[in-house]
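Peer 1: A predicted structure for the sequence below; I have some questions about it.
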Amino acid sequence: MDNLTVSPSPHIRSGATTSKIMLHVLIALFPALVISAYLFGGRALVLTSVCMLSAVIWEKLCNIVMKRPDTTHDLSAFVTGMLLAFNLPPTLPYWMAVIGTFVAIVIVKQIFGGLGQNFANPAIVGRIVLMLSFTGPMTNWIMPSVMADVSTAPTPLVDNYRLYSYWDLFIGRCPGCLGEVSAAALIAGGIYLVAVRVITPHAPLAFIATAFAFSWAAGKDPLYQILSGGLMLGAIFMATDYVTTPVSKTGKVIFGIGCGIITCVIRFYANYPEGVSFSILIMNIATPYIDMVTRRKPVGAAAVKKEAQAGEK
Amino acid sequence: MKLKGLILDHRKDTAASASVPIPVPKKVSIPMLQSMGAACDVLVKKGDKVLVGQKIGDSDKYMSVPVHSSVSGTVTGISELLLVSGKVCKCVDIETDGEQTVIDGLKPPLVTDRDSFCRAVRESGCCGLGGAGFPTHVKFGFDEKKFSVDTLVVNAAECEPYLTGDHREMLENADRIFEGIEHIRKNLDIKNVYIGIEKNKPDAIELMKRKAAQGGGSVTIVPLKAKYPQGAEKVIVYNITGRVVQEGRIPADVGVIVINVSTCGFIGEYMATGMPLVKKRMTVSGDAVKTPCNVIVPLGISFKEVLAFADCDFDDMSKAIAGGPMMGIDLFDLSDPVCKTHSAVLALKKEDKKPKPVQTNCIRCGRCIEACPVGLMPTVLEKAFDKKDRETLKKMKVSLCMNCGSCTYVCPAKRNLAEKNQLAKALLRT
């Protein structure tokens, strides 16, 4: 009793921690992982493990080299690794995946100062770099092994649409990246994240609704567009990343609408069949500006604020 | 605007425990500064005999309230006490005789108008008993030409966890509260009276409603959501009247006077008996306290004696908080005296069993922004403070922070956001 602890108030704290939040995200990604193991076989699991492990190792190495305290316990590197794996075709060589995690963790996250300091989503940039560097292997789509013999197949977004039925797309019976094929599993994860209050549905709903409306207006099949490609994965897990998206609800809606528009513009009018990654990256860059214009007004500060500004001039 | 607030674990285990007067201690040490404003000059000297209710400290400053002896006995000396604010104030040490002889000639004050009412309230040593300790006569003595006050809000939210003193005040002292309200209403010419009570005190709401009905229904009881910080002045004013107190203004600017329910009860008592403020109802709780309870203590008793009365396990405790866990202040010396503003003392056990959550970088989750009752962005303010960026701190209105601690409470990265806001306010003052 001789020494009493003295600290500033408040003296109690909620149970929420950064690692718990990351754990929730990992749990939410789990259904999609199970589906992908079922669809693409063991290689999907190995590729995901390679990504997660290499991401954590890169993070640890960075901490050592940059003389920072160990941050692997916050689980954010696991999340980045898993998300990157979900953005890769199941056939991608493992060494390429390791390059992807290097870009994500070392270049995008740690060099900018670690967790919370990166301006762009690490997994998205990892995917884009791989896409531009190894376009062949990154677009080597295979049919899920449960459906047919492993053979290359066009992604649902290429060529004439209606190659696959809505139901195929919803449950994942179509070729595509490892974690993006099953809209059902991703939506289940999203509902879990909303239920445990890790994310709010603002950005995903705005993203999906905008893509739906744009596709309809552009004469495309809106339902097909939102169920195919990486849209669900992007909307639910990437457009809700805390660090690289706006903090306010209005900001999140603006972010989602922007993503939806850019995705559709790239899909319909540009050379790339898929625009989700680019749309999120572009909106990541716009995030500080969205934050600036959607700042909450402190209660009772308005009138005084104007006076102060007038006074400065 | 809508107040969202936090749902905290209320831990109001002492709500059903009726207040027990604590035995008169052997000695008390009464500080000359127990409210906001100027410290009092000592009116007694070593060797003097003092009686209960005798004025032992006063000041000629307006923003100051006199101090009275809470016991009868002999002054053994004038000591100095280091206050939490870093200031040093004088203390009158009194050895008690156990008789608790009350000073002669105590009678209800003669009040004819607002001025005499304010003078009487000042003489009673009354200040805000909710915790801030603002001199009540200053609150009542607003300039009538400048402010037109039509509403009295009696704050009985008691939104801090553990605390049940105001709850017990309502259950045990309801008539005096209504008498107090009547005096304030009459002398300050107030039209509307509201008592705001959080819904986690249904028995108090029910009793207050009944008493209000008996009194002719001129007092409105407003049940409030049990969400922290419901009892913060600006928050309760908005949630009851819909009026927004602008930055740098006081509730009187929007025609409202806010007063704590225990202060109200005391005013009722004082106007009937003339006995100044010499005792205080306190909640003694926390996991290191074996019999959590409400006690009525003479001012100037040491925290140690109050804790001992509730069977505190002194060997196992590591933290003592004067006040609630959200805004209370840690004690560094248990022999410090209890003041007018202390509504609770909590003793908490050592927490070495479970590992302390580690602080990480801010992940921009926005929980602090959601939680802030006045709409600040604590994470932005923290970064601005770390860069000593005065411009941003001013523009983002750090001065509006009332240190309710909601941001720190919710932060998953375990960052000390509220603390940074206080440091930022200090920085802007330099």
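Peer 2: Structure's in. What do you need?
Peer 1: so how far is A:A44 from the closest residue to chain B within chain A?
Peer 2: Chain B sits closest to A:P10 of chain A, with a gap of 3.2 Å, by C-beta to the nearest C-beta. From N, CA and C alone the C-beta is placed, and that goes for glycine too. According to C-beta to C-beta, to the nearest Å, A:P10 stands 45 Å off from A:A44.
Peer 1: ok, these two, which is more surrounded?
Peer 2: A:P10 (27 against 24; other C-beta atoms under 10 Å in any protein chain shown).
Peer 1: who's in contact with the more buried one?
Peer 2: A:P10 makes contact with B:325-327, B:405-406, B:408-409, B:418 under the criterion C-beta atoms under 8 Å, 6 or more residues apart in numbering or on different chains.
Peer 1: ok, of those, which one's closest to chain A?
Peer 2: Taking C-beta to the nearest C-beta as the measure, B:G405 is the one of those closest to chain A, at 3.2 Å.
Peer 1: and the nearest residue to that closest one once chain neighbours are set aside, which of the three is it?
Peer 2: Nearest residue to B:G405 in three dimensions, chain neighbours excluded: A:P10, at 3.2 Å (C-beta to C-beta, 6 or more residues apart in numbering or on different chains). Following DSSP: H, G, I helix; E, B strand; the rest coil, A:P10 is assigned to coil.
Peer 1: Give me the pLDDT for A:P10.
Peer 2: For A:P10, the pLDDT comes out at 92.
Peer 1: And A:P273, by the same measure?
Peer 2: In this model, A:P273 is scored at 78, pLDDT.
Peer 1: Quickly list the domain ranges of chain B.
Peer 2: Per automatic domain parsing, the structural domains of chain B span B:13-105+B:276-349, B:114-273, B:367-429.
Peer 1: can you put these in a markdown table and add distance to A:G176, mean neighbour count and mean pLDDT?
Peer 2: Output for the domains of chain B, formatted as a markdown table (distance: least, C-beta to C-beta, whole Å; neighbours: other C-beta atoms under 10 Å in any protein chain shown; pLDDT from 0 to 100):
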| stretch | distance to A:G176 | mean neighbour count | mean pLDDT |
| --- | --- | --- | --- |
| domain B:13-105+B:276-349 | 49 | 20 | 93 |
| domain B:114-273 | 45 | 21 | 94 |
| domain B:367-429 | 33 | 21 | 93 |
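Peer 1: Name the nearest residue to the most centrally placed residue in chain A, ignoring sequence neighbours.
Peer 2: For chain A, the residue nearest the mean C-alpha position is A:M238 (1.9 Å; C-alpha atoms, centre = their mean). Of all residues beyond its chain neighbours, the one nearest A:M238 is A:I280 (5.1 Å), with distances taken as C-beta to C-beta, 6+ apart.
Peer 1: give me the number of residues near that neighbour?
Peer 2: For A:I280, the neighbour count with other C-beta under 10 Å is 31.
Peer 1: Quick check: it touching A:I236?
Peer 2: No - using C-beta atoms under 8 Å, A:I280 makes no contact with A:I236, being 11.7 Å away.
Peer 1: Tell me where the stretch 201-313 of chain A has helices.
Peer 2: A:202-217, A:222-227, A:231-233, A:249-269, A:276-293, A:302-312 (DSSP state H, counting those that start in this stretch).
Peer 1: Mean neighbour count, these: which tops it?
Peer 2: Among the helices of the stretch 201-313 of chain A, helix A:231-233 has the highest mean neighbour count (mean count of other C-beta atoms under 10 Å in any protein chain shown), at a mean of 30.
Peer 1: Centre of the chain to that one, how far?
Peer 2: In terms of C-alpha atoms, centre = their mean, to the nearest Å, the centre of helix A:231-233 is set 8 Å apart from its chain centre.
Peer 1: Then stretch B:40-55?
Peer 2: Mean C-alpha position of stretch B:40-55 versus that of the full chain (C-alpha atoms, centre = their mean) differs by 25 Å.
Peer 1: Output it as PDB, nothing but the C-alphas.
Peer 2: Extracted in PDB, the C-alpha atoms of stretch B:40-55 (Å, rounded to 0.1, in the frame of the first residue of the first chain):
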ATOM      1  CA  CYS B  40      -9.800  31.600   2.600                       C
ATOM      2  CA  ASP B  41      -7.800  33.400   5.300                       C
ATOM      3  CA  VAL B  42      -7.700  31.400   8.600                       C
ATOM      4  CA  LEU B  43      -9.900  33.000  11.200                       C
ATOM      5  CA  VAL B  44      -8.700  30.900  14.200                       C
ATOM      6  CA  LYS B  45      -5.300  30.300  15.800                       C
ATOM      7  CA  LYS B  46      -3.600  27.500  17.600                       C
ATOM      8  CA  GLY B  47      -5.300  26.700  21.000                       C
ATOM      9  CA  ASP B  48      -8.700  28.100  20.000                       C
ATOM     10  CA  LYS B  49     -11.800  26.200  20.900                       C
ATOM     11  CA  VAL B  50     -14.100  25.700  17.900                       C
ATOM     12  CA  LEU B  51     -17.600  24.400  17.600                       C
ATOM     13  CA  VAL B  52     -19.600  22.700  14.900                       C
ATOM     14  CA  GLY B  53     -20.700  25.200  12.300                       C
ATOM     15  CA  GLN B  54     -18.200  27.900  13.400                       C
ATOM     16  CA  LYS B  55     -16.700  29.900  10.600                       C
END
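Peer 1: And the contacts of it?
Peer 2: Residues from elsewhere that reach stretch B:40-55 (C-beta under 8 Å, 6+ apart): B:32-33, B:56-59, B:64-78, B:90, B:92, B:94, B:100-104, B:106, B:125, B:275-276, B:278.
Peer 1: change it to 6 Å
Peer 2: Contacts with stretch B:40-55, where a contact means C-beta atoms under 6 Å, 6 or more residues apart in numbering or on different chains, come from B:32, B:56-59, B:66-69, B:72, B:74-75, B:77-78, B:90, B:100-103, B:106, B:275-276.
Peer 1: now, which of those lie within strands?
Peer 2: Among the contacts of stretch B:40-55, the ones falling in strands (DSSP state E) are B:56-58, B:67-68, B:74-75, B:77-78, B:90.
Peer 1: Check those and tell me the two furthest apart.
Peer 2: Farthest apart among the ones in strands among the contacts of stretch B:40-55 by C-beta to C-beta are B:D58 and B:T74. That separation is 20.4 Å.
Peer 1: all helices for the stretch 1-150 of chain A, in order.
Peer 2: Counting by DSSP H, counting those that start in this stretch, the helices of the stretch 1-150 of chain A are A:18-40, A:42-65, A:76-86, A:94-101, A:122-133, A:135-138.
Peer 1: Could you tell me which residues of chain A lie near chain B?
Peer 2: Listed as neighbours of chain B in chain A under the rule C-beta under 6 Å from any C-beta of the partner chain: A:1, A:4-6, A:8-14, A:16-18, A:21, A:74, A:114-116, A:242-243, A:247, A:296, A:298-301, A:304.
Peer 1: What's the separation between B:T283 and chain A?
Peer 2: Note on B:T283: its distance to chain A, by C-beta to the nearest C-beta, to the nearest Å, is 15 Å.
Peer 1: What helices and strands are in contact with the helix or strand in which that residue is found?
Peer 2: In this assignment (DSSP states H and E), B:T283 forms part of strand B:279-285. Using 3 or more C-beta pairs under 6 Å, 6 or more residues apart in numbering or on different chains; DSSP states H and E as the contact test, the elements touching strand B:279-285 are strand B:293-298, strand B:344-349.
Peer 1: so which of the ones you listed comes closest to chain A?
Peer 2: strand B:344-349 (7.3 Å).
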